[in-house]
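Chemist: Quick one: sequence plus predicted model below, questions after.
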Amino acid sequence: MLKLTRKVQQAIVVHPRGAPDTTLTLRVMDIVPNAVCLGLVGDGYEIHRAEKFNDMRNESNDEFSSK
């Protein structure tokens, strides 16, 4: 895991190894007590909250295992 410190309006850029034109940009939009607001931009990426993504994966695994 990489831990970074960013201030409001600062961003990080993520891309697949060897494909620097396929970027996902994460920007700190706001910092309030007990929360950080993030903005994400990336063509070709689907963005989900982790808990929803895990629910979706579990549902698709349940469908696959019941066949």
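Modeler: Ah, there it is. Residues are numbered from 1 along each chain as shown.

Chemist: Which parts of this structure are strands?
Modeler: 11-14, 24-32, 35-41 (DSSP state E).

Chemist: Can you lay out these as CSV showing distance to residue 56, mean pLDDT and mean neighbour count?
Modeler: All C-beta spots, glycine's among them, are computed from the backbone N, C-alpha and C. What follows is the strands of the chain, written out as CSV (distance: least, C-beta to C-beta, whole Å; pLDDT from 0 to 100; neighbours: other C-beta atoms under 10 Å):
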stretch, distance to residue 56, mean pLDDT, mean neighbour count
strand 11-14, 21, 96, 12
strand 24-32, 19, 96, 14
strand 35-41, 17, 95, 12
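
Chemist: could those be laid out in TSV, adding distance to residue 5?
Modeler: Converted to TSV, the strands of the chain look like this (distance: least, C-beta to C-beta, whole Å):
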stretch	distance to residue 5
strand 11-14	11
strand 24-32	10
strand 35-41	11
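
Chemist: OK, contacts around the most centrally placed residue in the chain?
Modeler: Nearest to the geometric centre of the chain sits residue 47, at 5.6 Å (C-alpha atoms, centre = their mean). Residue 47 sits next to residue 40 when contact means C-beta atoms under 8 Å, 6 or more residues apart in numbering.

Chemist: how close does it get to residue 24?
Modeler: Distance of residue 47 to residue 24, given as C-beta to C-beta, to the nearest Å: 8 Å.

Chemist: if I look at the two, which residues touch both of them?
Modeler: In contact with both residue 47 and residue 24: residue 40, using C-beta under 8 Å, 6+ apart.

Chemist: count of neighbours near the residue nearest to residue 44 when sequence neighbours are not counted?
Modeler: Closest residue in space to residue 44, ignoring its immediate chain neighbours: residue 22 at 6.2 Å, by C-beta to C-beta, 6 or more residues apart in numbering. Using other C-beta atoms under 10 Å, residue 22 has 13 neighbouring residues.

Chemist: distance of residue 19 from residue 2?
Modeler: Residue 19 is 19 Å from residue 2, by C-beta to C-beta.
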